[in-house]
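>>> Provided below for reference: sequence and predicted model.
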Amino acid sequence: MERDEDGFFPLHLASAFGHIEVLKILLENYPNPREIVDNKGRNIVHIAAIMGEFNVVRYVLQDANDEVKDMINDKDYDGNTPLHLAASHSRPKIVQALTWDTRVDLHCLNNNNQTALDAFEQFKQENNPPFPQASIHKILCFTYFCIIRLTWCQLKSVGVQNAKRGSHSIEIPCPRKPEAKKTDFYKNRIDTLMVVSALITTLAFAASFTLPAGNNSSNPRQQGMAVMLNHMLFKPFIFCITTSMYGGISVTIILIWAQLGDTTLALLALKVAVPLLGVTLTTLSVAFLAGVHLVISDLSWLATTIMILCVIFVLLPLLLYTFHWFPLESSNIIMRNISFYPFQFITWLLEKDSTEGR
């Protein structure tokens, strides 16, 4: 049996390039595939994890025989398991597949006493690229950082921790004395969100007294009442405007608490305020949709066109905003199950863009 200069056997090459059918045929002819390793002691699962070949990892986890499945916790000569390598090379889809499999050892240490999270952080620190100036490179770099973030979220969601290196390396931050850089970062973010919430409150307040089609002034018995009061879309308009109004006020009050100088309180306030702000933005968008449709409903083709456009431009920002604040890193089993398919969708989009950009 021959190998190349990197110690790769045909099995390794089939795994590296994702040739599942070739891999199946080769595995039938190898009595003990666990013994077939390259110059660094890596088996086919290690190679697939490094190269990002999700289909190979999925085949090993689901369809391969037990002897092949046992390779998911094998270590290379550096003590790295496939999870270590998938994490360090930022392969979020493979990390997700491995961490959802109960047979994978999530807390295994390599020869450097590192967990998969440690290996991820070390590789990220050593290979963190500078942010480029060209637009196309900025997009690719943004995709790269998103993939890194998703990998970290997946590791944190299953409880993978940093290996303990002794009490002397553990720092307990004082909540009343935050670092200057962190304080500035949170202060800028809080100030920006306060401006947005104030604008939403102002717009909602103005819209509540500037109703579509105005107020009734001709009928003495309905003096001051909305002209469109009995229209079907007037009710969601009022409901959404009211929600936006009080949602914006609530976000502002929460963010005022966040300015007391306590980092822990600021983080908690942001955690509550960001999704609430998303609700107010959504309801304001729906209110605009309903209000516009109220005044152009007699012209059916225009009303339908505007309705379709508004629905698209309401759902798209809502989807992006949800992905922004959704706690993908939560270790709560309910949140993990809820975020499973959104996580897969995001990784599919990012890895697709990353592949096309090569």
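Alright, I've got the coordinates. Keep in mind that this is a model prediction, so the values were computed, not measured.
>>> C-alpha only now, for contacts and for neighbours.
OK.
>>> what about this structure, any weak spots by pLDDT?
Applying pLDDT under 70 to the chain flags residues 1, 127-142, 164-185, 219, 222-223, 320-332, 335-336, 338, 350-358.
>>> Can you check which helix is longest in it?
helix 263-296 (DSSP state H).
>>> From the chain's centre, how far out is that helix? Work that out for me.
Here the centre of helix 263-296 is set off from its chain's centre by 20 Å, with CA atoms, centre = their mean, to the nearest Å.
>>> Buried ones in it, by neighbour count?
263, 265-266, 269-270, 273-294 (16 or more other CA atoms under 10 Å).
>>> ok, now stretch 221-229?
Here stretch 221-229 shows 226, 227, 228 as buried, counting by 16+ other CA under 10 Å.
>>> what comes into contact with it?
If you take CA atoms under 8 Å, 6 or more residues apart in numbering as the criterion, stretch 221-229 is touched by 211, 212, 213, 214, 215, 216, 217, 234, 235, 294.
>>> For the residue nearest to residue 84 when sequence neighbours are not counted, grab the count of nearby residues.
In this structure, residue 84 finds its nearest non-sequential neighbour in residue 116, 4.4 Å apart by CA to CA, 6 or more residues apart in numbering. Neighbour count for residue 116, taken as other CA atoms under 10 Å: 29.
>>> that older thread, between the buried residues of stretch 221-229, which is nearest residue 20?
residue 228 (62.9 Å; CA to CA).
>>> For that closest one, give its distance to residue 105.
63 Å (CA to CA, to the nearest Å).
>>> Domains in this structure, by residue range?
10-159, 180-330 (automatic domain parsing).
>>> Pick the most buried one from those domains.
For these, the largest average neighbour count (mean count of other CA atoms under 10 Å) is found in domain 10-159, namely a mean of 19.
>>> residues near residue 6, how many?
9.
>>> which residue ranges form the strands in the protein?
Counting by DSSP state E, the chain has no strands at all.
>>> Tell me which residue of it is positioned farthest from its centroid.
residue 220 (55.9 Å; CA atoms, centre = their mean).
>>> what sits against residue 98?
83, 104.
>>> ok, it to residue 116 distance?
For residue 98, the distance to residue 116 - CA to CA - is 11 Å.
>>> can you list residues touching both of those two?
With CA under 8 Å, 6+ apart, residue 98 and residue 116 have common neighbours residue 83.
>>> contacting residues for residue 268?
No residues are in contact with residue 268 under the rule CA under 8 Å, 6+ apart.
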